[in-house]
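> Okay, sequence plus prediction incoming.
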Amino acid sequence: MFLKRISLLRDKVLSFHEYPFSIPIIKHLHELNIESNVTFFVGENGSGKSTLLEAIADRCDFHTAGGGRHNMYEVYASEAALGEYIRLSWLPKVTNGFFMRAESFFNFASHIDNVDTVGFKDYGGRSLHQQSHGESFLSLFLHRFQGKAIYLLDEPEAALSPTKQLAFLKIIHDLHSGGDAQFIISTHSPILLGYPYADIFSFDYGQISKIEFEGTEHYQITKAFLENREKVLSELFRED
């Protein structure tokens, strides 16, 4: 494990009433200790998990629209508002890695089309635009993810079917087992959250707290729906 701690430089913050410091979990953040090579961030939309992950990517000098340290391209709204206000503590520090965000993956794929000179060897031998959305995600994970590195992934399940999510779990396991990879993943997927060697941090209720898999809403709601689909839908569609 490389990244050990994320600290908010609170003395640099001018106001906790302005974005992104007005987000409850940021407002209350002092330090977040990372104790597993695989860490998940979970929470409702707007809870701040992607904001913090983007700030970590910024401090790692990864492109905040997606990419590594050497992927340089222009894209609208890729600046990390929180980046300069956090400190990362490493042991040892690594400079290799990747920040993947599902919502701007198209821009990254276009960048690779513009700069590739080696036949897309890091992406399965084909342009990412010539693969399906799910295939392009898995090509990135399979071929570019290697060596001693940290991988920051924002909703990687967005283009993955349940079967491909399981395939991605196998990729995580293979890299994790080798001892050279660290993952921090923001996700809504109960399948990914089921990875057995991970820590899960919830960003709900105004503060970051460690939670068990079975304690996540993702697990509880999915389990309730699968076991009692008719009852859940009946209550959902009931007219008051």
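Yep, it's here.
> From now on I want contacts and neighbour counts done on CA atoms only, so please keep to that.
OK.
> residues making contact with the worst-scoring helix or strand of the chain on mean pLDDT?
Here the helix or strand of the chain ranked lowest by mean pLDDT, DSSP states H and E is helix 105-115, holding a mean of 89. Helix 105-115 is contacted by residues 65-67, 73, 75, 127-129 when judged by Cα atoms under 8 Å, 6 or more residues apart in numbering.
> Just give me the closest of those residues to L166.
Checking the contacts of helix 105-115 against L166 with Cα to Cα, the nearest one is L128 at 20.8 Å.
> With adjacent residues omitted, what lies nearest to the closest one?
Spatial nearest neighbour of L128, excluding adjacent residues (Cα to Cα, 6 or more residues apart in numbering): S136 at 5.1 Å.
> before we move on, the earlier item: just the buried residues of the contacts of helix 105-115.
Those of the contacts of helix 105-115 that meet the buried threshold are 65-67, 73, 127-128, by 16 or more other Cα atoms under 10 Å.
> In contact with F40, which residues?
By Cα under 8 Å, 6+ apart, the neighbours of F40 are 184-187, 193, 198-201.
> between those residues, which is nearest F16?
The closest of these to F16 turns out to be F201 (Cα to Cα; 22.2 Å).
> Burial check on the residue nearest to L128, number of neighbours?
Counted with other Cα atoms under 10 Å, residues neighbouring S136 total 22.
> I would like the residues contacting the helix or strand hosting it, please.
Here S136 sits within helix 133-139, counting by DSSP states H and E. The contact list for helix 133-139 (Cα under 8 Å, 6+ apart) reads 122-124, 128-129, 156, 159-161, 164, 168.
> what bits of the chain have low per-residue confidence?
76-79 (pLDDT under 70).
> If you count neighbours, what's buried in the longest helix belonging to the chain?
Using DSSP state H to define each element, the chain has its longest helix at helix 162-177. Residues of helix 162-177 classed as buried under the neighbour-count rule (16+ other Cα under 10 Å) are 164-165, 168, 171-173, 175-176.
> which non-adjacent residue is nearest R5?
Once flanking residues are discounted, R5 sits nearest to N33: 4.5 Å by Cα to Cα, 6+ apart.
> would you say F98 is within a helix?
No: going by DSSP: H, G, I helix; E, B strand; the rest coil, the assignment for F98 is strand, not a helix.
> give the contact list for it.
The contact partners of F98, by Cα under 8 Å, 6+ apart, come to 62, 66-69, 145, 149-152.
> Farthest-apart pair in those residues, please.
Across the contacts of F98 (Cα to Cα), the longest gap, 15.3 Å, separates G66 and A149.
> what about K231, distance to G215?
Going from K231 to G215 by Cα to Cα, to the nearest Å gives 21 Å.
> For the longest helix of the chain, output the C-alpha coordinates as PDB.
C-alpha atoms of helix 162-177 as PDB (Å, rounded to 0.1, in the frame of the first residue of the first chain):
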ATOM      1  CA  PRO A 162     -22.900  -7.500 -14.300                       C
ATOM      2  CA  THR A 163     -20.700 -10.100 -16.100                       C
ATOM      3  CA  LYS A 164     -18.100  -7.500 -16.900                       C
ATOM      4  CA  GLN A 165     -18.200  -6.200 -13.400                       C
ATOM      5  CA  LEU A 166     -17.200  -9.700 -12.200                       C
ATOM      6  CA  ALA A 167     -14.400  -9.700 -14.800                       C
ATOM      7  CA  PHE A 168     -13.200  -6.400 -13.400                       C
ATOM      8  CA  LEU A 169     -13.200  -7.900  -9.900                       C
ATOM      9  CA  LYS A 170     -10.900 -10.500 -11.200                       C
ATOM     10  CA  ILE A 171      -8.600  -7.800 -12.600                       C
ATOM     11  CA  ILE A 172      -8.600  -6.000  -9.300                       C
ATOM     12  CA  HIS A 173      -7.800  -9.300  -7.500                       C
ATOM     13  CA  ASP A 174      -4.900 -10.200  -9.800                       C
ATOM     14  CA  LEU A 175      -3.300  -6.800  -9.400                       C
ATOM     15  CA  HIS A 176      -4.000  -6.600  -5.700                       C
ATOM     16  CA  SER A 177      -2.600 -10.100  -5.100                       C
END
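> Good, wrapping up.
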